[in-house]
Structures are given as structure tokens and as C-alpha cells.
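Peer 1: Dropping a prediction and its sequence here:
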Amino acid sequence: RPRMEPHREKLVVTGMVLVAAAIATAPSVLVDAVPVWTIAVAWGFGCFGMGLVIASTSVLLLRLSAPEEAGANSAALQISDALANVLLLAAGGAAFAALGGGTVAHTTATGSAAHPAAFAAVFLPMAGVALAGAWVATRVRAESR
């Protein structure tokens with residue numbers, strides 16, 4: 001889409017901000033006054049942001065790569081994306097379990113108290129990681145070859 005070319009860098013930043021906002025919104029489900037549908041809407045915007053990031057990053061990578069390096073660079077981008085997803089999901093899941101998460105009920109089947117704050121303790125740092133990604137995205141500068 002040629003009309004989008006001048007805006008690729010801004011699309012990456014905007015997409016990362018939308019993803020960070022969606023992640024940061026997730027712990028609001030712990031507040032009884034927040035309707036559940038608001039989280040679905042926030043995650044919809046987050047998914048839209050992720051689409052902006054993935055598409056624009058791929059286009060920028062191919063634009064900045066020499067023709068003979070485009071395939072290797074594209075593969076490296078996909079591998080780093082998959083590896084980051086696996087590592088962050090594993091770290092987030094382990095932290096959630098370690099902080100006593102694992103149930104949304106106020107008590108577990110054994111009668112011990114669950115820790116819903118574990119949900120916030122995991123999602124808020126993950127939102128920070130996404131915001132760091134947005135900051136890094138501000139440094140993207142596509143140069144014509």
C-alpha cells in the first residue's frame with residue numbers, strides 16, 4: 001500500500017502504544033465496577049495495534065534490507081518474534097503462579113485465599129515491556145537505499 005509508506009514508522013509506534021494500553025487495561029477486571037465488555041474492547045484495539053506493528057515492521061525490514069539479505073533478515077525477525085513471545089509468556093506464567101494466581105475465585109478448593117493481585121502484578125510489568133517497545137519504535141528510521 002504505497003499511501004502508507006511515509007507513515008510506517010508512526011504506525012509501529014502507534015501500534016505498540018495500543019498494545020501497551022490493552023495490556024495495562026487487563027487488571028481492571030479486578031474492579032467490580034468495570035464491565036467485562038470494556039476489556040474485550042481494549043483487547044480489540046490491542047489486536048489492531050499488533051497488526052499495525054507486525055505488518056509495518058515486516059515492510060520496514062524488507063525496505064531496509066539489501067536484496068540478498070532480505071530472506072535471512074525476514075527469518076531472523078520471525079525467529080526473534082517467536083522467541084520473545086515464548087520467553088515472555090513463560091516468564092509471565094511462572095510469575096503469575098509464583099505470586100499465587102491461578103484462580104479467579106476468592107478462595108480455592110482447599111479453602112486457601114487466592115491472590116487476584118497476581119494478575120495485576122504480571123500484566124502491569126508486561127505493559128511496561130510493551131511501552132519500552134513503543135519507545136524503541138520511536139528510533140525506527142527508514143532510509144531509502
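Peer 2: Perfect, I can see it now.

Peer 1: Could you list the low-pLDDT ranges of the chain?
Peer 2: 1-6, 102-114, 142-145 (pLDDT under 70).

Peer 1: And the helices in it, which stretches?
Peer 2: 8-25, 36-64, 70-98, 117-137 (DSSP state H).

Peer 1: okay, the ones you listed in TSV with mean neighbour count next?
Peer 2: Where you see a C-beta, it was placed from the backbone N, CA and C, and this is true even at glycine. Below are these laid out as TSV (neighbours: other C-beta atoms under 10 Å):
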stretch	mean neighbour count
helix 8-25	21
helix 36-64	16
helix 70-98	12
helix 117-137	17
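
Peer 1: Leu30 touches Ala120, doesn't it?
Peer 2: Yes: counting by C-beta atoms under 8 Å, Leu30 touches Ala120, with 6.4 Å between them.

Peer 1: who's in contact with stretch 71-88?
Peer 2: The contact list for stretch 71-88 (C-beta atoms under 8 Å, 6 or more residues apart in numbering) reads 54, 57-58, 61-62, 65, 126, 129.

Peer 1: try 10 Å this time
Peer 2: 53-54, 57-58, 60-62, 64-66, 69, 125-126, 129-130, 133 (C-beta atoms under 10 Å, 6 or more residues apart in numbering).

Peer 1: Not counting sequence-adjacent ones, nearest residue to Val12?
Peer 2: Ala137 (4.3 Å; C-beta to C-beta, 6 or more residues apart in numbering).

Peer 1: ok, the one you found - contacts?
Peer 2: Applying C-beta under 10 Å, 6+ apart, the residues contacting Ala137 are 9-17, 53, 56-57.

Peer 1: From Ala33, how far out is it?
Peer 2: 34 Å (C-beta to C-beta, to the nearest Å).
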